[in-house]
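Peer 1: Here you go, sequence then predicted model.
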Amino acid sequence: MRQKVQMKMGTLRKIDSRITRFKAGHADARHKHDEMRLHERIASVEAMLPTLATKEDLAREIGTVRAEIHREAGGLRIEMHQKFGKVRSEIAGEIASVRSDVHALGIGLHRELHALTWRLVGTIVTVGTALVAATHFLSKINPP
């Protein structure tokens, strides 16, 4: 019986060592697989690193974009200044035209008012003289 137990124990130890080796082998294979994946990922990252921009690249690019924006804004400012200059000159011409029209209208109005004033004065003088003459004539007809 002792031999049977020893034999079974030996068999169990062999099985246990086989299981341990299997587990270790499986863990090693898994570890190797993870390590291979890790190396692949590192290789892909290292392959991508040269394509990534550095701070200097970004600063250079930002400087280029800023210079381009300033250049475009300066061109736009010049163009707007020219357009506004044309609009201002057109408006100044129209204002001068309106002023001359208003001035001519004022002169015409002044001339007409002057003529009407003298016509009114003439009418008042004529009517006043006629009234004095009528009063004098009526006083001569009927003596008191």
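Peer 2: Good, I have the coordinates.

Peer 1: Any idea how many residues pack against Leu52?
Peer 2: Using other C-beta atoms under 10 Å, Leu52 is surrounded by 8 other residues. For the C-beta atoms, the positions are set from N, CA and C on the backbone; glycine is no exception.

Peer 1: need the contact list for it.
Peer 2: By C-beta atoms under 8 Å, 6 or more residues apart in numbering, the contact set of Leu52 is empty.

Peer 1: Over to Thr54?
Peer 2: Thr54 touches nothing, counting by C-beta under 8 Å, 6+ apart.

Peer 1: now it: how far from Ala104?
Peer 2: Thr54 sits 74 Å away from Ala104, going by C-beta to C-beta, to the nearest Å.

Peer 1: just Arg119 next, same as before
Peer 2: 23 Å.

Peer 1: repeat for Asp57
Peer 2: Taken as C-beta to C-beta, the span from Asp57 to Ala104 is 70 Å.

Peer 1: Now do the longest helix along the chain: distance to the chain's middle.
Peer 2: Secondary structure of the chain read by DSSP state H shows that its longest helix is helix 55-141. Relative to its parent chain, helix 55-141 has a centroid offset of 36 Å by C-alpha atoms, centre = their mean, to the nearest Å.

Peer 1: where does this structure have its least confident helix or strand?
Peer 2: The weakest-scoring helix or strand in the chain, judged by mean pLDDT, DSSP states H and E, is helix 2-48 (a mean of 64).

Peer 1: number of nearby residues for Arg37?
Peer 2: Per other C-beta under 10 Å, the neighbour tally for Arg37 reads 10.

Peer 1: Please apply the same query to Leu38.
Peer 2: Neighbours of Leu38 using other C-beta under 10 Å come to 10.

Peer 1: how near is it to Arg66?
Peer 2: Leu38 is 42 Å from Arg66, by C-beta to C-beta.

Peer 1: if I look at Leu76, how far off is Thr126?
Peer 2: Separation of Leu76 from Thr126 (C-beta to C-beta) stands at 73 Å.

Peer 1: Noted, bye for now.
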